[in-house]
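[1] sequence first, then the predicted structure:
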Amino acid sequence: MIIDRTSDRIGDPATNYRGNILIVDDLPDNLRLLRDTLIAEGYKVRSAITGAMAIRAAQSPSTELILLDIKLPDLDGYEVCKQLKSDPHTADIPIIFLSALNETFNKVQGLAAGGVDYIAKPFQVEEVLARVETHLTIGRLQQRLQKQNLLLLKEIEERQRLEESLFAEKELAQVTLQSIGDGVITTDAQGNVRYFNPIAERLTGWKTHEVKGVPFSTVFLIVDQVTREPVENPINKALLEKRIVGLANNTILIAHDGNEYPIADSAAPIRDRQGKIIGAVMVFHDVTESRYLTHKLSWEASHDALTGLINRRRFEQHLVEAIASVQDSNQQHALCYLDLDQFKVVNDTVGHIAGDELLRQITALIQKGVRANDMLARLGGDEFGILLSQCPISQAAQIAENLKDLVHQFRFIWNGKTFIIGVSIGVVAIDNTSQDLMELLGAADAACYAAKARGRNCVHIYSLDDGELIKQRGERQLVSKISRALETNRFCLYYQKIVSIKSQPLVEHYEILLRMLDENGEVVSPNAFIPAAERYGLITEIDCWVIENFFSNYHNLPEKNLVNKGLYTINLSGASISNNQFLRFLIEQFPRYQIPPQSIGFEITETAAIANFEQARYFISELKKIGCRFALDDFGSGLSSFAYLLNLPVDYLKIDGAFVKNINHNLISQAIVEGFNRIAHSMNIETVAEFVEDETILKKLREIGVDYAQGYGIARPVPINFNR
């Protein structure tokens, strides 16, 4: 259905009419806004809501300009534009894309399809009006030029009979040609120059009086931009073939003074009244700016602006070609997936400007370590990819080892601070067993993750029977189950008592624990699904579920009145404490559910705190301001415990159960627990021993002076039954 809204125009159409515009958009609000705005400015407006309707509506001879959306119910805007440009009846109608798709790639695609302009939504009305007027003016000027050229030809044919009329019309045409922004050259039937307009003089470097009667090829030197080979003379070609001809897009004009200009042009024969060719006319213009813009947009669409490397999109295209090249041959390539270690430390410590400079320096360093025919790309963040062409896996492994050593030996210095950077590298062969791009990238990513799991700054070679990668595949299969559990609320909360073993009467705390239910309602241990949730970015969503479900049921807890001076502690992941949005969410839940902050504690593991140290310290400080308490969990499992403990404002230190459970049989474990306890007390931090499995361990902990105990010897985890 085509909607004609001309009856809505305000005022006298004869005085207000400024042009006929077709709007193509399937959103009524957009149509209404554009239609009313344009009608108010004196334009005649028609509209279409599908691509097919637009193509039919454009056939109207009155259509002067089209405003075209890209997302349409049937054909997209690019296809509509291509079909209109392929139809001689609609090819000359200027098309302005008006779309919410505002990526560089979308703009390049729109211009490539034949659009004259691209306006991103949400748009400014003033900008739309200005561009509509500009392109209507350009189109009318082009039409006027064509008409004037026809008049000029008729005047040449009727020179003797209509001399006075010819003079007036010729003068008008001369003024027009003198004023337009294109270069215009006319010749006689032998290809000798008869006329240069000012733009032609400027671009060629010749004056009109110097070139009259001179062969066109003498004053108009054009070459191929790439090969520098001469390009066929367009005037001669138009005269010879008796038709309109155009130049290739990569043509360069070499001016008389040596300057070079990229140009676009067309040449056409001039005929008299009897159809006899009496000369030729060529119109051309400087496309330096538009060609530069096109090249720039194309480069930006395929390259990373920070490092100058090709981006992920372009790299994946090369990988697809590499996979295709090995299917029916004995060729072998390799893919290296690199992930920098300690990059986040640089960003958090000295800022993102330093992080950007580190990426540039690392790029230059890696480029020195790869071969000239290898392809290096930045895939995003601190991740890089290398396509090693014609490279067996054994050689690829050696290149990866060399790159790892090269990066590890590098020292990044910023404002007097020195940083040691590492890199984890996953390597996968590209051979005739490689199936597709996604499988290849998945294998490389898995191998890189395995390298990180081995302690970082390692190289891991992918193989189908790799135990670590099999484990990862199992985790990936869990992801859909975890997502489904979040959607269907298939999680449940447990608690486990933590008792004071020094104070009288005993004070009880509770650690809140999480379990997942599978499709059959069976309980899934967190050890089975938490690693996968952390690996694939679902852990913060799980933490939000725990907070919201526990807080919303807090006042229905059966044990709430027994807690006394104790508290409920909730485990948080490293990803959550690094997320400021999660911090805001968490703080907002206390007043929302009327939860006293003094009754809530949070546990973060030592390794998570160390990996996100500055953010962890900020996170803890913000929540302690409102009264929450914190425990540092699994203390002793990391390697930098004491140094970091000095700067973390925690209330409790939970001694890793690996030391506690052997306390009666291993003097070293006992000494470690005693040392942890003594240091914590010297810092006014209370201690909690995990994995207390029997009375003998509990007795030894009392002797050492540990404050709290938790484990199966105290109480097993049990489901929370909220009182309703």
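    Right, received. Where do you want to start? Since this is a predicted model, take the numbers as computed values, not measurements. Numbers count the residues shown, from 1 in each chain.
[2] the helix or strand containing V346 packs against which elements?
    If you go by DSSP states H and E, V346 is part of helix 343-350. On a contact count with 3 or more CB pairs under 8 Å, 6 or more residues apart in numbering; DSSP states H and E, helix 343-350 meets helix 352-369, strand 411-414, strand 417-420, helix 613-625. Every residue, glycine included, has its C-beta placed from N, CA and C.
[3] if we use 6 Å, what do you get?
    Counting contacts by 3 or more CB pairs under 6 Å, 6 or more residues apart in numbering; DSSP states H and E, helix 343-350 packs against helix 352-369.
[4] how about the helix it packs on: buried residues?
    354-355, 357-359, 362-363, 365-366, 369 (16 or more other CB atoms under 10 Å).
[5] any chance of those residues in TSV, plus distance to A267 and pLDDT?
    As requested, those are exported to TSV (distance: CB to CB, whole Å; pLDDT from 0 to 100):
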residue	distance to A267	pLDDT
A354	57	90
G355	55	90
E357	52	93
L358	55	92
L359	50	93
I362	53	92
T363	47	93
L365	53	93
I366	51	93
G369	53	89
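[6] now the residues you listed in a markdown table, with distance to D87?
    Listed next are these as a markdown table, based on distance: CB to CB, whole Å:
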| residue | distance to D87 |
| --- | --- |
| A354 | 56 |
| G355 | 52 |
| E357 | 53 |
| L358 | 54 |
| L359 | 49 |
| I362 | 52 |
| T363 | 48 |
| L365 | 54 |
| I366 | 50 |
| G369 | 54 |
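[7] from those, which is closest to S266?
    Using CB to CB, T363 comes nearest to S266 of the buried residues of helix 352-369, at 44.4 Å.
[8] what pairs with the longest strand anywhere in the chain, and is each one parallel or antiparallel?
    Longest strand in the chain by number of residues (criterion: DSSP state E): strand 260-271. Strand 260-271 has the following strand partners under DSSP bridges: strand 245-246 (antiparallel), strand 251-254 (antiparallel), strand 277-286 (antiparallel).
[9] please save the CA atoms from the last one in PDB.
    What follows is strand 277-286 as a C-alpha-only set of coordinates in PDB (Å, rounded to 0.1, in the frame of the first residue of the first chain):
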ATOM      1  CA  ILE A 277      28.600  13.300 -34.800                       C
ATOM      2  CA  ILE A 278      30.200  16.800 -34.800                       C
ATOM      3  CA  GLY A 279      32.200  16.500 -31.600                       C
ATOM      4  CA  ALA A 280      32.400  15.100 -28.100                       C
ATOM      5  CA  VAL A 281      32.000  16.400 -24.600                       C
ATOM      6  CA  MET A 282      33.600  15.100 -21.400                       C
ATOM      7  CA  VAL A 283      32.600  15.900 -17.800                       C
ATOM      8  CA  PHE A 284      34.900  15.000 -15.000                       C
ATOM      9  CA  HIS A 285      35.500  15.800 -11.300                       C
ATOM     10  CA  ASP A 286      38.100  15.400  -8.600                       C
END
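[10] now do the next helix or strand after that strand against strand 260-271, angle only.
    As assigned by DSSP H and E, the chain's next helix or strand after strand 277-286 is helix 288-302. With axes from the mean of the first three to the mean of the last three CA atoms, to 10 degrees defining the directions, helix 288-302 sits at 120 degrees from strand 260-271.
[11] name the next helix or strand following helix 288-302 along the chain.
    Remark: after helix 288-302, the chain's next helix or strand is helix 312-326, criterion DSSP H and E.
[12] so what touches the next helix or strand after that next one?
    Under the assignment DSSP H and E, the closest C-terminal helix or strand after helix 312-326 is strand 333-341. Outside of strand 333-341, the residues within contact range by CB atoms under 6 Å, 6 or more residues apart in numbering are 322, 382-386, 388-389, 391, 393, 396, 400, 422-430, 444-445, 448, 456-457.
[13] please apply the same query to stretch 237-253.
    Here stretch 237-253 makes contact (CB under 6 Å, 6+ apart) with 222-226, 231, 234, 260-263, 265-269, 280.
[14] pull out the buried residues from that stretch.
    Residues of stretch 237-253 classed as buried by neighbour count (16+ other CB under 10 Å): 238-239, 245, 247, 251-253.
[15] next, format those residues as a markdown table and append pLDDT.
    Shown next, in a markdown table, are the buried residues of stretch 237-253 (pLDDT from 0 to 100):
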| residue | pLDDT |
| --- | --- |
| A238 | 86 |
| L239 | 87 |
| V245 | 85 |
| L247 | 73 |
| T251 | 84 |
| I252 | 85 |
| L253 | 87 |
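[16] quick one: these as TSV, columns for distance to A52 too.
    Formatted as TSV, the buried residues of stretch 237-253 follow (distance: CB to CB, whole Å):
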residue	distance to A52
A238	38
L239	43
V245	34
L247	35
T251	37
I252	42
L253	42
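[17] so the one helix or strand Q398 maps to versus strand 333-341, what angle?
    Q398 belongs to helix 393-409 when assigned by DSSP H and E. Using the same axes, to 10 degrees, one finds that helix 393-409 and strand 333-341 are set 20 degrees apart in direction.
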